[in-house]
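> Just to be clear, the model below is a prediction. Sequence and coordinates:
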Amino acid sequence: MALARSYKTGVFDSATWTATGAAGTVTTPVPILYGATGSASSCNITGISAGVMGAAGFPANASVVVSVNSVSGTAAGGASATVTHLDAGTVPSSTTFLTAGGASPTAITGLTVGAAYWSRVISFTAGSDYGDWESPGLEVTIPSSSKFAVCVTASSAGTSTAFAAEIAFTE
């Protein structure tokens, strides 16, 4: 018997799975995947992956910080992100998500980015990626009734840059 229900969602997981990344062309944090936990359960991130998909042009010697941050405000834009079970369960996730990528890429706005729960630096070049599985007991725990976002922050602005991210989580 499982100790928790396991799920995954990501930037591509709109109503129709589409490998279109979320755009980011500035040097401030850009939310590409937004989540809101339910009132009765936390979201325990057990795995995260992120990458740079491509761009019309890349700045020389640049990097991107991928982070999971607390956020405040009212999310606008984006598209509903589909949550998929990683187990045989049927109970829906109580955490809901918006994606800035997928079938109809639209920026997620209205949020103020707060403290980082998790972050990594990757190279700002096409195909650069990072994946991380958290050890049991060291998951990134987002408390109940909280808002969070996977954000990208470039050290130098790119041109029409697309980013991807995916998280695995339990409730």
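Perfect, I can see it now.

> Tell me the strands beside the lowest-mean-pLDDT helix or strand in the chain, with direction?
Across the helices and strands of the chain, mean pLDDT, DSSP states H and E gives its lowest value to strand 22-23, namely a mean of 74. If you go by DSSP bridges, strand 22-23 pairs up with strand 162-170 (antiparallel).

> Off-centre distance for the strand it pairs with?
5 Å (Cα atoms, centre = their mean, to the nearest Å).

> Quick one: list the elements packing against the helix or strand just after the least confident helix or strand of the chain.
Once the chain leaves strand 22-23, the next helix or strand it forms, by DSSP states H and E, is strand 30-36. Packing partners of strand 30-36 (3 or more Cβ pairs under 8 Å, 6 or more residues apart in numbering; DSSP states H and E): strand 22-23, strand 63-77, strand 96-99, strand 108-123, strand 147-154, strand 162-170. For the C-beta atoms, the positions are set from N, CA and C on the backbone; glycine is no exception.

> I'd like the ones you listed as CSV, with distance to Ser14 appended.
Output for these, formatted as CSV (distance: least, Cβ to Cβ, whole Å):
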stretch, distance to Ser14
strand 22-23, 11
strand 63-77, 13
strand 96-99, 6
strand 108-123, 12
strand 147-154, 15
strand 162-170, 13
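
> comparing those, which gets the lowest mean pLDDT score?
Lowest mean pLDDT of those: strand 22-23, a mean of 74.

> now Ala19, nearest residue through space, not along the chain?
Closest residue in space to Ala19, ignoring its immediate chain neighbours: Phe12 at 5.3 Å, by Cβ to Cβ, 6 or more residues apart in numbering.

> re the thing from before, and Gly89, which of the helices and strands packed on strand 30-36 is closest to it?
Closest approach to Gly89 among these is made by strand 162-170 (10.6 Å; Cβ to Cβ).

> now the closest one and strand 108-123, what's the angle there?
Here the directions of strand 162-170 and strand 108-123 differ by 100 degrees (axes from the mean of the first three to the mean of the last three Cα atoms, to 10 degrees).

> Could you export strand 162-170 as PDB, CA atoms only?
The C-alpha coordinates for strand 162-170 follow below in PDB (Å, rounded to 0.1, in the frame of the first residue of the first chain):
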ATOM      1  CA  ALA A 162      11.200  28.800 -24.300                       C
ATOM      2  CA  PHE A 163      11.600  26.900 -21.000                       C
ATOM      3  CA  ALA A 164      10.200  23.600 -19.700                       C
ATOM      4  CA  ALA A 165       9.600  22.200 -16.200                       C
ATOM      5  CA  GLU A 166       7.900  19.200 -14.700                       C
ATOM      6  CA  ILE A 167       7.400  18.200 -11.100                       C
ATOM      7  CA  ALA A 168       6.500  14.900  -9.400                       C
ATOM      8  CA  PHE A 169       4.700  15.300  -6.100                       C
ATOM      9  CA  THR A 170       2.800  13.400  -3.400                       C
END
